[in-house]
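Chemist: dropping the sequence and predicted coords here.
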Amino acid sequence: MDIALNTTHNFLSKIATNDGHGENSPYFDGWKAYDSDPYHHETNPSGVIQMGLAENQLCFDLIQEWIGNHPEASICTPQGGFDFKEIALFQDYHGLPEFRSAIANFMSRVRGSRVQFDPDRIVMSGGATGAHETLAFCLANRGEAFLVPTPYYPGFDRDLKWRTGVELIPVVCESSNNFKVTLGALEEAYDKAKESNIKVKGLLITNPSNPLGTFYDKETLKTLVDFINEKNIHLVCDEIYAGTVTRENEFVSIAEVLEEFPTICDHNLIHIVYSLSKDMGFPGFRVGIIYSFNDTVVNIARKMSSFGLVSTQTQHMVASMLSENDFVDNFIKESRNRLAHRHDMFTRELAQVGIGSLESNAGLFFWMDLRRFLKEPTFESEMTFWRTIISEIKLNVSPGSSFHCNEPGWFRVCFANMDDATVMVALERIKSFVHETRMLEIKTMAKIKTKKQCWQNNLQLKLSSRRLEDIMSPQYSPLNSPMLRAQN
Amino acid sequence: MAIEIVQPSVELSKIALSETHGEDSPYFAGWKAYDENPYHELHNPSGVIQMGLAENQVSFDLLEEYLESNLESANWGQKVSGFRENALFQDYHGLVSFRKAMASFMEEVRGGKAKFNPERIVLTAGATAANELLTFILANPGDALLVPTPYYPGFDRDLRWRTGVQIVPIHCESSNNFQITPEALEAAYDHARSMNIKVKGVLITNPSNPLGATIQRKVLEEILDFVTRKNIHLVSDEIYSGSAFYADEFVSIAEVLESRNYKDSERCHIVYSLSKDLGLPGFRVGTVYSYNDQVVTTARRMSSFTLISSQTQFLLASMLSDKEFTRKYIKINRERLKKRYEMIINGLKKAGIECLKGNAGLFCWMNLSPYLEEPTIESELAIWKTIMHEVRLNISPGSSCHCSEPGWFRVCFANMSEETLEVALSRIHEFITTRKQ
């Protein structure tokens, strides 16, 4: 008997048919807008500039130079071809020993050599995406939860939850104290989980933070470690942006905390996620790393890495490149300088037109404060304004709500994925918009006879001009183009 | 003040603590023996010869030759932008040129008898990831996939470990050369139902690992009819499709679907990889090819956890779309594997050992049941240990492949030089001769 296929409700799994892939988030609508109208300084100068993608494109010249000087790092050159067969056959999930050593070396140097990493604790994964999922599989059962400070990277909703069935419980952070994580917020989140009968298995922090661009100070880290130790839960530290810290010697890795205070907690609770996607700018190469201080987790995660090993071709190249200390040290230094320069340029130019951002010293983005541009302090207003930014200002920035920020009006703006010329165009567009908005405000104010509207410092500005409403209303509707980019 | 950490160790997940990773199987114990005492022609001529690893080393010279004459396309050239674009490319659709190249290569392997649409190709880091990914998509925890025995030991991990899905075996027997019968399919299905387990699909490997034989067209048709009747999925792992010794003896499920005008094809999915045919397991190149749009979309999203390095995609894109090269490679690769197969079969025959008649793969399915003390798994493992420690050959016992009859062993022959194979054969010969006395 012929049964109609796709109408049968259970033909695919629940995982396959639920929303756990996370692509219905507005985080991706902006990308769709960009993909259908991408800025190009010659062929499409009025297109959307991509500022929603946290990529680091500032130092490829250094890498290209290195590659040109090291043909042996490629297995496809006469110099490197000798290794081709051996590399192509090697599928041991321990990874090439030289790869693990090089990664450990790099991780150490990114942290100013203040701490050493053991190559035997290095486990590969399919990017940090794969690392997070693997750790979730290792540390928590279905239905159990991780605490995550907000705002956080939207990809976590997929990476930690989708196929694992693990829950994420937000630890709410507020702008009033610059979104710092407080013990009170941690306890509140933990208790809330308990009340809902959800077992908390760990705390996940991203340090430096995405989207905030800030990093945790030593005292806060110690507080977090005390907290997880007391609750006997895991601490996963995503240090994917460790190399983007613009102020030297101020970033404190969890590894340093353990080294300085070895008895502060059970080391079996501590795990680091790392990747070359941000610090080196190699997202395409899928080099994800799990570094765990727990032997069992290292062992199990290594077995699971079979599902997401790093191509040995890539391991080989990375091993060559990252074991050369002169190159590594210079790269790290240059990259930080260029990121700092970009960051400072942006924040300075925006401050000049009255746009503030959270003070930050890391990451490939900054956390822009656009609260005063919202009609109302609501997420609906945030979304409305965001659609304006895309359709009118032609910039794809990421709305704070997609990062689960508890307060509307914040936007993540990426600045390291474009050349200098594009930076100028983006800044121009923002400045023009602010200028236009001001002009309209002035005109509106002139027309209003009553005192219903006042100009408040606290930035709750209501604008009733029809012209403004035209600008604010969604003329743009998210297009149905298929998602083209992998998540970031 | 020093704090004494005296606490119960923190729990890991059930998945982490389970043994479903499968590494305690004898399949892997043999590898350990090899790792501790590996054979080397010069440095360790009495070491263990690895015959438990299904690798294809017979055709590397062809790959190396290609790379030497195509350096420009293999590397990024002198432009900064070439490297940068490649390093930044993380789109889970994969490099278009690479997807097209994979589709083209899969067509070449099937002699043009089936067409593949690049839009249906989803890239994963190896077939290991592809099989797990498909399982996540097709079945819920507790559901089952039916898998014919004997099967690749890795499936116990790939299909079950993190997915929570079960494998219910379709028992195949030597009496008909381990072919899958409609009765066996029904029996497996009924067995699952009797245990209140929902069956979501059938997973076949064609050509078969460990049998080293292709599945006949008639059987494929029967399997397709079966899954259609039960309204379940069919996954065909065709990872050894390019390793069939005679091109016309391999029939892909794609051909059967094409002949049926793709009726009922939305339940069919093919897994492929370059690990066996091209001998590139380190590069982690796997693919899911599905005739079901929703599966393609979902698989693509899931592939975020296991993308192929863009560096590797770039390298292989030009190689695999070079039809002149791929045609030559596929043809020569088949011939060399066939030659190796004949060498090992004849060598074993001389020692009085029979094998299943095979026509594909990187291994043969050897029958040592006449030499077992008793027709039991214990006896099989006893002789296996002897072969490992005394004869110093690592071969894979049939029980680790869930074979229902004891005494069968998978013996790989493509991961060594001809000389080493000769050494292995002479050791077996000596062992059997001694045993007969």
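Modeler: Perfect, thanks for sending it. As the structure is a computational prediction, the values presented were derived from the model and not from experiment.
Chemist: from here on, just use CA atoms for contacts and neighbour counts.
Modeler: OK.
Chemist: what residues does the stretch 251-400 of chain B have near chain A?
Modeler: Contact residues, the stretch 251-400 of chain B versus chain A (Cα under 8 Å from any Cα of the partner chain): B:266, B:279-284, B:295, B:298, B:301-302, B:304-312.
Chemist: try 7 Å this time
Modeler: Contact residues, the stretch 251-400 of chain B versus chain A (Cα under 7 Å from any Cα of the partner chain): B:279-284, B:298, B:301, B:304-307, B:309-312.
Chemist: and those, which two are the farthest apart?
Modeler: B:279 and B:298 (28.7 Å; Cα to Cα).
Chemist: who has more neighbours out of these two?
Modeler: Per other Cα atoms under 10 Å in any protein chain shown, whichever of residue B:279 and residue B:298 has more neighbours is residue B:279, with 23 against 18.
Chemist: doesn't that one fall inside a strand?
Modeler: No. Residue B:279 is assigned coil when assessed by DSSP: H, G, I helix; E, B strand; the rest coil, not a strand.
Chemist: that one contacts residue B:57, doesn't it?
Modeler: Yes. Applying Cα atoms under 7 Å, one finds residue B:279 in contact with residue B:57, separated by 6.1 Å.
Chemist: what pLDDT does residue B:61 get?
Modeler: In this model, residue B:61 is scored at 89, pLDDT.
Chemist: nearest residue to the middle of the chain?
Modeler: With no chain named, the answer covers chain A. Closest residue to the average C-alpha location of chain A: residue A:210 at 4.4 Å, with Cα atoms, centre = their mean.
Chemist: so residue A:332 sits in a helix?
Modeler: Yes. The assignment for residue A:332 by three-state DSSP puts it in a helix.
Chemist: residues contacting it?
Modeler: Residue A:332 makes contacts with A:110, A:243, as judged by Cα atoms under 7 Å, 6 or more residues apart in numbering or on different chains.
Chemist: over to residue B:51?
Modeler: Per Cα under 7 Å, 6+ apart, neighbours of residue B:51: B:393-395, B:411-413.
Chemist: buried members of those residues into PyMOL, please.
Modeler: In PyMOL, this line selects whichever of those come out buried by 16 or more other Cα atoms under 10 Å in any protein chain shown:
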select buried, chain B and resi 393+394+395+411+412+413
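Chemist: now the contacts of residue B:51 as CSV including pLDDT and secondary structure?
Modeler: Converted to CSV, the contacts of residue B:51 look like this (pLDDT from 0 to 100; DSSP: H, G, I helix; E, B strand; the rest coil):
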residue, pLDDT, secondary structure
B:393, 94, strand
B:394, 94, strand
B:395, 95, coil
B:411, 96, strand
B:412, 96, strand
B:413, 96, coil
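Chemist: now the contacts of residue B:51 as TSV including distance to residue A:163?
Modeler: Shown next, in TSV, are these (distance: Cα to Cα, whole Å):
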residue	distance to residue A:163
B:393	40
B:394	36
B:395	36
B:411	36
B:412	35
B:413	38
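Chemist: low-confidence ranges in the chain?
Modeler: As the question left the chain open, I've gone with chain A. The model of chain A has pLDDT under 70 over residues A:1-9, A:248-249, A:449-488.
Chemist: oops, wrong one, chain B.
Modeler: Ranges of chain B meeting pLDDT under 70: B:1-10, B:73-74, B:76-81.
Chemist: how about 50 then?
Modeler: The model of chain B has pLDDT under 50 over residues B:1-8.
Chemist: can you tell me the centre-most residue of it?
Modeler: Taking Cα atoms, centre = their mean, chain B has its central residue at residue B:239, 5.5 Å away.
Chemist: ok, that one touching residue B:273?
Modeler: Yes. Contact criterion Cα under 7 Å: residue B:239 and residue B:273 qualify, at 5.5 Å.
Chemist: that older thread, now the buried members of the residues of the stretch 251-400 of chain B next to chain A.
Modeler: B:279-284, B:298, B:301, B:304-307, B:309-312.
Chemist: just the ones in strands from those, please.
Modeler: Applying DSSP state E to those, no entry is found in strands.
Chemist: pick the one among those residues closest to residue A:34.
Modeler: The closest of these to residue A:34 turns out to be residue B:301 (Cα to Cα; 19.4 Å).
Chemist: tell me how far that closest one lies from residue A:132.
Modeler: Plainly put, residue B:301 is 16 Å away from residue A:132 if you go by Cα to Cα, to the nearest Å.
Chemist: repeat that for residue B:430.
Modeler: 52 Å.
Chemist: these two: which has the busier surroundings?
Modeler: Legend: neighbour count by other Cα under 10 Å for residue B:430 and residue A:132, higher for residue A:132 (28 against 14).
Chemist: ok, how many other residues are close to residue A:351?
Modeler: Residue A:351: 12 surrounding residues under other Cα under 10 Å.
Chemist: how about residue A:96, nearest residue that isn't a chain neighbour?
Modeler: Nearest residue to residue A:96 in three dimensions, chain neighbours excluded: residue A:315, at 6.9 Å (Cα to Cα, 6 or more residues apart in numbering or on different chains).
Chemist: shouldn't the one you found be within a helix?
Modeler: Yes. Assessed by three-state DSSP, residue A:315 belongs to a helix.
Chemist: right, and it touches residue A:99 too?
Modeler: Yes. Using Cα under 7 Å, residue A:315 makes contact with residue A:99 at a distance of 5.6 Å.
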